[in-house]
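In: Fold the following, please.
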Amino acid sequence: MNSEIEKQKEEWMIADLHIHSRFSRACSKNITIPELAKWARIKGINLLGTGDFTHPNWLKEIKENLKDNGKGLYYYEDSNGKFPFVISGEISLVYTKEKGRRIHLVLLVPNLEIAEKINSYFDSKGRRDYDGRPIFSIAGDRFVEDLMKISKDIEIIPAHVWTPWFGVFGSKSGFNSLKECFNGQLENIHAIETGISSDPEMNWKIKELNNKSIVSFSDSHSFWPFRLGREATIFKKTDSYKDIIKQIRSNEFIATIETNPAYGKYHWDGHRLCGYSCSPKETKKLNGICPKCKKPLTVGVEYRVDELTTQDHEKYPHKKPYYKILPLHEIIALSLNTDNIESKKVWEVYNLLIKEFENEFNILLHLDKQDMINKNVDDKMINLILKNKEGKIKIIPGYDSEYGKAVLGKSRILWFRDYNNFNCLWAHLLF
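Out: Sure thing, here's the model as predicted:
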């Protein structure tokens, strides 16, 4: 990471604008506005999206808890001060042309008045009270056109663009390009979200993205700091929604925060129920068929990036710096040699570190070795935190809805073939 950028850290606004409420499926039932603000501060986040503005109950809580600053940011206020939010949500579009099409989109909204107009539009298309991420049968280009009629200040960002099921470039979305999805409305798509299973460099290989910004957010389903802000975008500090949107559309933000893409749940190919995963190279040898159940493998992100690459990544013209780090809970668990990142011991160490060093991003991004030595941090922990900052923690790749796994030392995957029963077995050797 460029040291000149770190010198500007006082001007940073770290933002996670893609999250969910307790009204979305598979989300924590304890999510509230106060809890989000509390844990965002602990994480070191400076701006959150509200998530799920389309859900009537969550929208009611947004209105009850947040106050408009008159510039499109909405503040939650408690004894710790004011914490800003942007009105945001995620929409699922599932529709059919020649074949099934499906895509998830992040919406950033300039104010509650526009949010109400968007909700009225959705009410003309179907229900939005059953899930914080409602599903509508609207084509991508039509949807963008309709929302631009409501307000040109609405930002529509294709979410986690490479994940198999609902990423626009995903293996099962029905699309191979942004153009296929948005047609004549492509000019109104200014940015894409990397998703946890890809990083900016992987996206730089797609020529179609040369005039688009590449942003990152967490898609968090809880307020815990190992989910919230695990991916984020670093903006120049502002109190204005329009300035946030300008930074996105003009590619003027500072940097992004990414996980190692292998940490994501769809980086490699495989079958979760079969306990089987493999690299794109092995998938091709297998003709895409799982050697255990003989059904097609779920094709992951690395395979799709290889498949859709249209340029060398060096040719992407608007590269932004990015950090590649794992959440602090993962690093602590690694140091304690446990797979349970939510264990009591991990939390004890986490809380001690936060007490000493203010917030998680300060620990992950800014501390040097001497800072930690001065506070008597364990040598093993210091080394892992510094390796994490350098993006050097090894990961066994995630696949088919299974997260990747951080490991100590180097990780090498060896393949063995049993030619008697044609099963492929794999093992990780750590050394």
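
In: so what's the backbone phi/psi at residue 93?
Out: Main-chain dihedrals, residue 93, degrees, to the nearest 10: phi -110, psi 120.

In: Settle this for me: it is touching residue 122, isn't it.
Out: No. Counting by C-beta atoms under 8 Å, residue 93 sits too far from residue 122 to count as a contact (11.4 Å). The C-beta positions use only the backbone N, C-alpha and C, and glycine is treated the same way.

In: Show me whatever sits in contact with both of these two.
Out: Common neighbours of residue 93 and residue 122 (criterion: C-beta atoms under 8 Å, 6 or more residues apart in numbering): residue 136.

In: Give me the more crowded residue out of these two.
Out: Taking neighbours as other C-beta atoms under 10 Å, residue 93 and residue 122 compare with residue 93 leading, 19 against 16.

In: In terms of pLDDT, where does that one sit?
Out: As predicted, residue 93 sits at a pLDDT of 97.

In: Then residue 7?
Out: So, for residue 7, pLDDT stands at 70.

In: What about it, how many residues nearby?
Out: Here the number of neighbours of residue 7 (other C-beta under 10 Å) works out to 9.

In: where does it fall, phi/psi-wise?
Out: Main-chain dihedrals, residue 7, degrees, to the nearest 10: phi -70, psi -20.

In: now swap in residue 270 and tell me
Out: phi 160, psi -170.

In: Any idea what it is bridged to?
Out: Beta bridges link residue 270 to residue 277, residue 298 when assigned by DSSP bridges.

In: check contacts around it.
Out: Contacts of residue 270 (C-beta under 8 Å, 6+ apart): 276-278, 290, 297-298, 300, 399-400, 402.

In: Mind doing that once more with 10 Å?
Out: Counting by C-beta atoms under 10 Å, 6 or more residues apart in numbering, residue 270 touches 276-279, 282-283, 290, 292, 297-300, 397-402.

In: And for residue 92, the neighbour number?
Out: 16.

In: quick one: buried residues of the helix or strand it falls within?
Out: For residue 92, the element it lies in under DSSP states H and E is strand 81-96. Across strand 81-96, burial judged by 16 or more other C-beta atoms under 10 Å covers 83-93, 95.

In: Go ahead and produce PDB holding the CA coordinates of that strand.
Out: Only the C-alpha atoms of strand 81-96 are listed here, as PDB (Å, rounded to 0.1, in the frame of the first residue of the first chain):
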ATOM      1  CA  GLY A  81     -21.700  11.300  19.200                       C
ATOM      2  CA  LYS A  82     -23.200  11.100  15.700                       C
ATOM      3  CA  PHE A  83     -22.700   8.300  13.300                       C
ATOM      4  CA  PRO A  84     -23.700   8.700   9.600                       C
ATOM      5  CA  PHE A  85     -25.700   6.400   7.300                       C
ATOM      6  CA  VAL A  86     -26.600   6.500   3.600                       C
ATOM      7  CA  ILE A  87     -30.000   5.200   2.600                       C
ATOM      8  CA  SER A  88     -29.300   1.900   0.800                       C
ATOM      9  CA  GLY A  89     -30.600  -1.500  -0.100                       C
ATOM     10  CA  GLU A  90     -30.200  -4.600  -2.300                       C
ATOM     11  CA  ILE A  91     -32.600  -5.800  -5.000                       C
ATOM     12  CA  SER A  92     -32.900  -9.100  -6.700                       C
ATOM     13  CA  LEU A  93     -34.100  -9.200 -10.300                       C
ATOM     14  CA  VAL A  94     -35.100 -12.600 -11.700                       C
ATOM     15  CA  TYR A  95     -36.500 -12.700 -15.100                       C
ATOM     16  CA  THR A  96     -36.500 -14.600 -18.400                       C
END
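
In: Following element in sequence after that strand, please.
Out: Next along the chain after strand 81-96, with elements defined by DSSP H and E, is strand 100-109.

In: Now do that following strand against strand 81-96, angle only.
Out: Interaxial angle of strand 100-109 relative to strand 81-96 (axes from the mean of the first three to the mean of the last three C-alpha atoms, to 10 degrees): 160 degrees.

In: Check which helices and strands strand 100-109 sits against.
Out: strand 47-49, strand 81-96, helix 112-123, helix 140-150, strand 155-158, helix 178-182, strand 191-193, helix 241-249 (3 or more C-beta pairs under 10 Å, 6 or more residues apart in numbering; DSSP states H and E).
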